[in-house]
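Undergrad: Quick one: sequence plus predicted model below, questions after.
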Amino acid sequence: MISAVGIGATTGSFADEYLVYFGTFTGANSKGIYVSKFDPATGKLNAPELVAETVNPTFLAVAPGEHFLYAVSEVDEIGGKRNGAVNAFALDARTGRLTPLNRQFSGGCGPCHVAVDAAGKCLLVANYGSGSIAAMPILADGSLGEAATTLQHTGASKNSQRQAGPHSHFILPSPDNRYTLDCDLGLDKIFINHLDATAARLTPGDPPFATVAPGSGPRHLIYSRDGRFVYVINEMGSSITVFHYAATNAAMTEAQTISTLPKDFSGTSTCAEIVMHPSGKYLYGSNRGHDSIAVFAVDRETGRLTLIELQSTRGRTPRHVAIDPSGRWVLAENQASDSVVVFAIDPDTGRLQPTGRSISLGSPVCAVFVSKK
């Protein structure tokens, strides 16, 4: 069940302010999607307010133009049917309000990631539980049509406990909107598909996939600013794999794999999110267990990474990190400690400086920025 909830009245000028929408795992401390106001001049993040009650909206995506927001419901069953769902909302960037539009099945169970194509015509979904991906049309009013494409992955990989079958974890359109790349943690593959956004159609590419080392568990990825490289963060391997990327056919050739952990670390840790600084000079990845953000310098010519520092997230289990559009601040979403912590970015080095600013929020797992109107 989804319901809209308004946020408190506000006054003053917000020309330089953002809204930050947070996805969560719902439970005792969270009821759905929350919003905070963020000041990019100071890094101040206001206390979050509930704007939509819905179950496990763990990942969010905002359409071009920032009029619509989409959220998964990361569940394995709805109404007796083995399927998760995706929810569509109208977004009012003046008030922060979200108004429910509709809900569609996600084309599999346990959906954990959504993305919108560059034209705003198609929503892409990765279903972790079933190891499938789907594409569904975005209608003129922002609502979602039924999935036009569902592709089921098959196979297994090295780790018999976590990789006995496919687990699609992430899907993203290419910079030119002609392809999608999707990470399958269970198969150690990044699948390549042709994208017809208007028809919400996905068809296998040639080559059909790239691979990471067995047992790595690719989770999320990001393109370099010039589109020449792809960076894949490996959840199980606690590493980042750098690929040369060919825009002509989306072929990927490995260039480097680098650890996100210190050499002397002997505990248990898994990677989560990966983000690129707007300048393209720095890359950030989160470690859950070591509870840190790994900061890397990016060689713009070769794509290769050099570790700069490991910064504590001042919380537990940083499932997600986000950089504000100004490129001055990082938010760390610490799922297990119910907190979002703000760090300042040194523009000359990429290093992170704790600001002492944070908010309390139950099980935060995603953050997206929207310009405040």
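TA: Good, I have the coordinates.

Undergrad: gap between Tyr128 and Asp184?
TA: 9 Å (C-beta to C-beta, to the nearest Å). C-beta: built from backbone N, CA, C; applies to glycine.

Undergrad: no no, Leu151
TA: 11 Å.

Undergrad: Leu261 now?
TA: 23 Å.

Undergrad: Looking only at neighbour counts, state which of those two leads.
TA: Between Leu261 and Asp184, counting by other C-beta atoms under 10 Å, Asp184 is the more crowded of the two (29 against 19).

Undergrad: Specify the beta-bridge partners of the more buried one.
TA: Asp184 forms beta bridges with Ser168, Lys189, as assigned by DSSP bridges.

Undergrad: same question, the one 10 residues further on
TA: Assessed by DSSP bridges, His194 has beta-bridge partners Tyr179, Thr203.

Undergrad: For it, which residues are in contact?
TA: Residues near His194 by C-beta atoms under 8 Å, 6 or more residues apart in numbering: Arg178, Tyr179, Arg201, Leu202, Thr203, Pro204, Gly205.

Undergrad: can I assume the first one is in contact with Asn193?
TA: No: taking C-beta atoms under 8 Å as the contact criterion, Arg178 and Asn193 are not neighbours in contact, 10.1 Å apart.

Undergrad: out of these two, which sits in the more crowded spot?
TA: Higher neighbour count among Arg178 and Asn193: Asn193, with 25 against 17, using other C-beta under 10 Å.

Undergrad: What ranges in the chain fall below the confidence cut-off?
TA: Along the chain, the model assigns pLDDT under 70 to residues 1-15.

Undergrad: Run a quick neighbour tally on Gly131.
TA: Gly131: 24 neighbours (other C-beta under 10 Å).

Undergrad: how near is it to Ser106?
TA: In this view, Gly131 and Ser106 are 13 Å apart by C-beta to C-beta.

Undergrad: And Leu261, by the same measure?
TA: Taking C-beta to C-beta as the measure, Leu261 and Ser106 are separated by 33 Å.

Undergrad: And Arg228, by the same measure?
TA: Taken as C-beta to C-beta, the span from Arg228 to Ser106 is 32 Å.

Undergrad: Comparing these two, which residue is more hemmed in?
TA: More crowded of Arg228 and Ser106, by other C-beta under 10 Å: Ser106, with 32 against 17.

Undergrad: and the more buried one, what does it touch?
TA: Val72, Ser73, Asn83, Gly84, Ala85, Val86, Val125, Asn127, Ala134, Ala147.

Undergrad: got any residues that touch both of Tyr128 and Asp184?
TA: Residues touching both Tyr128 and Asp184 by C-beta under 8 Å, 6+ apart: His167, Ser168, His169.

Undergrad: And the strands in the stretch 201-350 of the chain?
TA: Counting by DSSP state E, counting those that start in this stretch, the stretch 201-350 of the chain has strands at residues 201-211, 218-223, 229-234, 239-246, 251-259, 270-276, 282-288, 292-298, 305-312, 318-323, 329-334, 339-345.

Undergrad: Same check on the stretch 51-200 of the chain?
TA: Counting by DSSP E, counting those that start in this stretch, the stretch 51-200 of the chain has these strands, from start to end: 60-62, 68-73, 85-91, 98-105, 111-116, 122-127, 132-137, 149-152, 168-173, 179-184, 189-196.

Undergrad: between the ones you listed, which one is nearest to Lys158?
TA: Across those, Lys158 has its closest neighbour in strand 189-196 (12.3 Å, C-beta to C-beta).

Undergrad: Sort out which residues of that closest one are buried, please.
TA: Neighbour-count burial for strand 189-196 flags Lys189, Ile190, Phe191, Ile192, Asn193, Leu195, Asp196 (criterion: 16 or more other C-beta atoms under 10 Å).

Undergrad: can I get the CA coordinates of that strand in CSV?
TA: What follows is strand 189-196, C-alpha atoms only, in CSV (Å, rounded to 0.1, in the frame of the first residue of the first chain):
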residue,chain,number,x,y,z
LYS,A,189,29.3,-11.2,-15.4
ILE,A,190,28.4,-7.7,-16.6
PHE,A,191,25.7,-8.3,-19.3
ILE,A,192,25.5,-6.1,-22.4
ASN,A,193,22.2,-5.4,-24.1
HIS,A,194,21.0,-3.2,-26.9
LEU,A,195,18.5,-0.6,-25.7
ASP,A,196,15.5,0.6,-27.7
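
Undergrad: between it and strand 251-259, how big is the angle?
TA: Going by axes from the mean of the first three to the mean of the last three C-alpha atoms, to 10 degrees, strand 189-196 is angled at 140 degrees with respect to strand 251-259.

Undergrad: Thanks a lot, catch you later.
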